[in-house]
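In: structural data only, the sequence is not supplied:
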């Protein structure tokens, strides 16, 4: 479902972001980082850990305003943003359902969430508190919260780290299912190449500090055709283009 | 048949554990009752060994309590004191929490005002009360204000620690999902501060009622403190004890029927030991 009206993609143009340490030493984290994500596209920021991916995301989320440069979030439709953080960040003192509803704008608070909870396998857990959930289930609740808001753009910060591979894989499939029901411009940060190849339309490969874009790898094949044979082909061609990236 | 059998088997354990639960639930209450009874017996024994007007036994104190209750004086003065305690508590908690959270979340402001906090922490309660009565007159506002001012620094110190311990990731989540101002306070700030609010309340209410008695003794014409002052002049120790014990009992009831249920509700989301 494409929103009507002129839609601007996600455009990022960060000139520089430096951190000043307590001793006054400044470290340049990002330099001339610019990329674009098209409307309705699922993009991944891929790079080794500690290369400033989360910093980039924090800038886009409006949590870090101390940088030079600019970025533009998709306009038109709802101009809400949603995020799935590295930790589920659910309020421990509210139930799963309250956590999801609290993130909704006032006009959507009473909305029917049955489908979403069903899809994510959370139907029986709406009235549980986050402490009663496993990490995998808490991550699903965080996904539910993000998708329930019907955002114009969705940011995901390594949403599947510290899960066992089997649970992570199941969550990736769930993410694809809810995302396909309402394709939203999405930007996911990850250091897992396989994950990026499986989920995204385009992979933005980052070079280490000071972070800038090394190149863009487009995956044009529809997701349902990405079986293990295709995945290994994709991996091979990726390694061919970016021999230094693991 | 099998279904019946399993049903029976399933029914049996809950009643057993139910009875055991009842016993374990009653045990603490029973212990408290026996312990208090022991104290009364010891008191009675001591009073009969050293009979003196200055040391009445529990029987005499009970007599006075009944007399004061029948005349209605007891409830009037208890009510007045309780009202002052409640008013001072509310004022102190609100002002103290706001200042505490402000200091806890702004390091520069905290550095500037920290000496003030230490100064106020160390001003004796009596001085604040006397100055309050001199500056603002012998009235209710001065009385309650003086008690609140005594308590506020303690609340500030506790709530400042609470604000320092706030988890920024919840605030960031609230920013991303555009929580309103009131929603942030209700769903992000207050639940995180709850343990600190509980600690400040607990230590606060005990301190406040003791200071309220002094305030009443020095400048009010009703309340438990006023009555104790009156009976001090009449050298009626039984009446002094009767009023004191009555008020302690009231505070106990408040703890059991108000503070503990509220706390249980506020911490319902914490995982309980199975």
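Out: Ah, there it is. Quick caveat, the model's predicted, so the values are computed rather than measured.

In: element containing residue 197, please.
Out: As the question left the chain open, I've gone with chain A. When elements are assigned from DSSP states H and E, residue A:197 belongs to helix A:193-199.

In: hm, I was asking about chain B
Out: helix B:190-219.

In: still on that earlier bit, hmm, who's touching the helix holding residue A:197?
Out: With Cβ atoms under 8 Å, 6 or more residues apart in numbering or on different chains as the contact definition, helix A:193-199 has outside contacts at A:42, A:44, A:46, A:160, A:168, A:172, A:175-176, A:188, A:190, A:203, A:219, A:223, A:226, A:231, A:234-235, A:238, A:245-246. Quick note: C-beta positions are derived from backbone N, CA and C, even for glycine.

In: please list only the buried members of those residues.
Out: A:42, A:44, A:46, A:160, A:168, A:172, A:175, A:188, A:190, A:203, A:219, A:226, A:234, A:238, A:245 (16 or more other Cβ atoms under 10 Å in any protein chain shown).

In: ok, those residues vs residue A:181, which is closest?
Out: residue A:175 (11.1 Å; Cβ to Cβ).

In: wait, doesn't that closest one sit right on residue A:142?
Out: No - if you go by Cβ atoms under 8 Å, residue A:175 and residue A:142 don't touch, sitting 10.9 Å apart.

In: what segments of chain A are strands?
Out: Counting by DSSP state E, one finds strands in chain A at the ranges A:10-20, A:26-37, A:42-46, A:68-72, A:81-84, A:153-157, A:185-190, A:202-207, A:212-218.

In: given the last one, what are its sheet partners and their directions?
Out: The strands beside strand A:212-218 in its sheet (DSSP bridges) come out as strand A:202-207 (antiparallel).

In: tell me the mean pLDDT for the strand it pairs with?
Out: For strand A:202-207, the mean per-residue pLDDT is 88.

In: now the angle from it to strand A:42-46?
Out: Interaxial angle of strand A:202-207 relative to strand A:42-46 (axes from the mean of the first three to the mean of the last three Cα atoms, to 10 degrees): 20 degrees.

In: show me the contact partners of strand A:202-207.
Out: Counting by Cβ under 8 Å, 6+ apart, A:33, A:35, A:37-38, A:41, A:43-47, A:51-53, A:196-197, A:212-219, A:238, A:242, A:245 sit against strand A:202-207.

In: buried stuff in that strand?
Out: For strand A:202-207, burial by neighbour count (16+ other Cβ under 10 Å) applies to A:202-207.

In: tell me which of the residues you listed is nearest to residue B:119?
Out: Out of the buried residues of strand A:202-207, the member with the shortest distance to residue B:119 (by Cβ to Cβ) is residue A:206, at 53.6 Å.

In: returning to that earlier point: which two in the buried ones among the contacts of helix A:193-199 are spaced the farthest apart?
Out: Every pair of these checked by Cβ to Cβ; the farthest is A:175 and A:245, at 22.9 Å.

In: which pLDDT value goes with the residue nearest to residue A:175 when sequence neighbours are not counted?
Out: Sequence neighbours aside, residue A:143 is the residue nearest to residue A:175 in space, at 6.3 Å (criterion: Cβ to Cβ, 6 or more residues apart in numbering or on different chains). Here the pLDDT value assigned to residue A:143 is 91.

In: what number of residues lie near residue A:143?
Out: Residues near residue A:143, counting by other Cβ atoms under 10 Å in any protein chain shown, number 26.

In: how close does it sit to residue A:154?
Out: 10 Å (Cβ to Cβ, to the nearest Å).

In: check contacts around the residue positioned nearest the centre of chain A.
Out: Per Cα atoms, centre = their mean, the C-alpha nearest to the average position across chain A is that of residue A:156, at 2.1 Å. Residue A:156 is in contact with A:83-84, A:146, A:186-189, counting by Cβ under 8 Å, 6+ apart.

In: from those residues, which single one is nearest residue B:102?
Out: Ranked by distance to residue B:102 (Cβ to Cβ), those are led by residue A:83 at 28.3 Å.

In: quick check: residues of chain A near chain B?
Out: A:61-63, A:80-83, A:85, A:87, A:89, A:91-94, A:102-103, A:105, A:129-132, A:145, A:149 (Cβ under 8 Å from any Cβ of the partner chain).

In: out of the residues you listed, which end up buried?
Out: For these, buried by 16+ other Cβ under 10 Å: A:61, A:80-83, A:85, A:87, A:89, A:91-94, A:102-103, A:129-130, A:145, A:149.

In: filter the contacts of helix A:193-199 down to just the ones in helices.
Out: A:168, A:172, A:175-176, A:231, A:234-235, A:238 (DSSP state H).

In: show the pLDDT at the residue lying closest to residue A:121 once chain neighbours are set aside.
Out: Excluding its sequence neighbours, the residue lying closest to residue A:121 (Cβ to Cβ, 6+ apart) is residue A:140, at 6.7 Å. Listed pLDDT for residue A:140 reads 91.

In: for residue A:140, give me its contacts.
Out: A:120-122, A:171, A:174.

In: just to revisit the earlier point, which single one of the contacts of residue A:156 is nearest to chain B?
Out: residue A:83 (4.7 Å; Cβ to the nearest Cβ).

In: buried residues of stretch A:43-50, list them for me.
Out: A:43-47.

In: so how far is it off the chain centroid?
Out: 11 Å (Cα atoms, centre = their mean, to the nearest Å).

In: and it, end to end?
Out: 19 Å (Cα to Cα, to the nearest Å).

In: which residues are in contact with it?
Out: So stretch A:43-50 is contacted by A:10, A:35, A:37, A:53, A:56-57, A:186-191, A:193, A:195-196, A:199-209, A:211, A:245-246 (Cβ under 8 Å, 6+ apart).

In: recalculate using a threshold of 7 Å.
Out: Here stretch A:43-50 makes contact (Cβ atoms under 7 Å, 6 or more residues apart in numbering or on different chains) with A:37, A:53, A:56, A:186-191, A:193, A:196, A:199-206, A:208, A:211.

In: now do stretch A:53-65
Out: Against stretch A:53-65 from outside (Cβ under 7 Å, 6+ apart): A:12, A:14, A:17, A:29-30, A:33, A:45, A:47, A:67, A:71, A:81, A:83, A:155, A:157, A:189, A:206, B:172, B:175-176.

In: any of those residues buried? List them.
Out: Looking at the contacts of stretch A:53-65 with 16+ other Cβ under 10 Å, the buried ones turn out to be A:12, A:14, A:17, A:29-30, A:33, A:45, A:47, A:67, A:71, A:81, A:83, A:155, A:157, A:189, A:206, B:172, B:176.

In: re the thing from before, helices or strands up against the helix holding residue B:197?
Out: The helices and strands touching helix B:190-219, judged by 3 or more Cβ pairs under 7 Å, 6 or more residues apart in numbering or on different chains; DSSP states H and E, are helix B:73-105, helix B:125-136, helix B:140-164, helix B:224-233.

In: next, the buried residues of the last one.
Out: So the one you mean is helix B:224-233. Those buried within helix B:224-233 under the rule 16+ other Cβ under 10 Å are B:224-231.

In: since that was my last question, I'll sign off now.
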